[in-house]
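Novice: need a structure here:
(one chain, ligands or ions: 1)
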Amino acid sequence: MDIQIFENAHEASKKAVDFFEKALEKNQNVFGLATGSTPEALYEQLIDSSLDFSDAIAINLDEYYGLPANHPQSYAYFMEEHLFNAKPFKKTYIPNGENTNVSEEIDRYNTVLAENPIDLQLLGIGQNGHIGFNEPGSSSTEKTRLVDLTQETIMANSRFFSDQSEVPTQAYSMGLASIMSASQILLLAFGENKAEAIKAMIEGPVTSEVPASILQNHPNVTVLLDKEAAKLLE
Ligand code: F6R
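Specialist: As a prediction, the model looks like this:
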């Protein structure tokens, strides 16, 4: 893993823009994208940049189960608001949270991934070491699936909902195997509350208890951190 530490999230996100630029230059135009607070500064900078994604494909990691795409807390809505409205892509994919035919939705998304191998996968990380919605205990061989969110993740995500009872308890997520098949992975983490997960991911053993630790086995991973997220690293 290539670990780079920056003064703040803005500087780290500026570096992340370079990865998108280089990928586009090489015609590597299938991007795996994430939601949450972590990529917000990056998406702002992509919008402000002159980069052209009109030939690019975006494939998002995950979506809450049960939320329609037009729900303000759905990840589909987040992506429109934070990136796609201002920076159009040729094609965007995200799991359909409204599809209650779970096996059909999983097959559909796995086909999307098989037909569009990801060149650059962007990741955030949960405080418990999750990537996508692959919570501790997730198998490394899983592709897209419906996952039960842990109480910790539900609580962390409740900040976006008016009441914790409104937070969906399940999500469709690309599995660890789907994430590991990306050619290149770029993980961003900011803030002190990510420091323990980052230490475990980088310096701990590869274990399903810290799903992100599997990235130690990927040949092309870059981790961009602010000082706070890096503060427990040796
Ligand atoms: C979001 C996702 C999650 C987040 C993680 C960190 O699509 O897959 O794994 O990256 O929960 O969330 P934030 O960035 O809000 O701290």
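Novice: how about Glu40: what's its closest non-neighbour residue?
Specialist: Once flanking residues are discounted, Glu40 sits nearest to His82: 6.2 Å by C-beta to C-beta, 6 or more residues apart in numbering. All C-beta atoms are positioned from the backbone trio N, CA, C, and that covers glycine.
Novice: lowest average confidence, helix or strand, in this structure?
Specialist: helix 151-157 (a mean of 88; mean pLDDT, DSSP states H and E).
Novice: ok, residues contacting it?
Specialist: Contacting residues not belonging to helix 151-157 are listed as Gly126, Gln127, Asn128, His130, Phe133, Glu135, Leu149, Gln164, Val167, Thr169 [C-beta atoms under 8 Å, 6 or more residues apart in numbering].
Novice: switch those over to CSV; also include distance to Val210 and pLDDT.
Specialist: Converted to CSV, the contacts of helix 151-157 look like this (distance: C-beta to C-beta, whole Å; pLDDT from 0 to 100):
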residue, distance to Val210, pLDDT
Gly126, 10, 95
Gln127, 11, 94
Asn128, 8, 94
His130, 9, 95
Phe133, 15, 94
Glu135, 11, 94
Leu149, 17, 92
Gln164, 25, 86
Val167, 23, 92
Thr169, 22, 95
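Novice: between those, which sits nearest Asp226?
Specialist: Lowest distance from Asp226 to the contacts of helix 151-157 (C-beta to C-beta) belongs to Gln127, with 15.2 Å.
Novice: surely that closest one and Ala195 touch.
Specialist: No. Contact criterion C-beta atoms under 8 Å: Gln127 and Ala195 do not qualify, at 9.5 Å.
Novice: more crowded one of those two?
Specialist: Ranked by neighbour count (other C-beta atoms under 10 Å), Gln127 and Ala195 place Ala195 first, with 19 against 16.
Novice: that one: which element?
Specialist: helix 195-203 (DSSP states H and E).
Novice: what helices and strands are in contact with the following helix or strand past that helix?
Specialist: Using DSSP H and E, the helix or strand that directly follows helix 195-203 along the chain is strand 221-226. If you count contacts as 3 or more C-beta pairs under 8 Å, 6 or more residues apart in numbering; DSSP states H and E, strand 221-226 packs onto strand 2-6, helix 9-25, strand 184-189, helix 195-203.
Novice: mind putting the ones you listed into TSV with distance to the ligand and mean pLDDT?
Specialist: As requested, these are exported to TSV (distance: least, C-beta to the nearest ligand atom, whole Å; pLDDT from 0 to 100):
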stretch	distance to the ligand	mean pLDDT
strand 2-6	16	98
helix 9-25	10	98
strand 184-189	8	98
helix 195-203	9	98
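Novice: ranking these by burial, who's on top?
Specialist: strand 184-189 (a mean of 24; mean count of other C-beta atoms under 10 Å).
Novice: ok, Ser183 touching Gly32?
Specialist: No. Applying C-beta under 8 Å as the test, Ser183 and Gly32 come out as separate, 10.1 Å apart.
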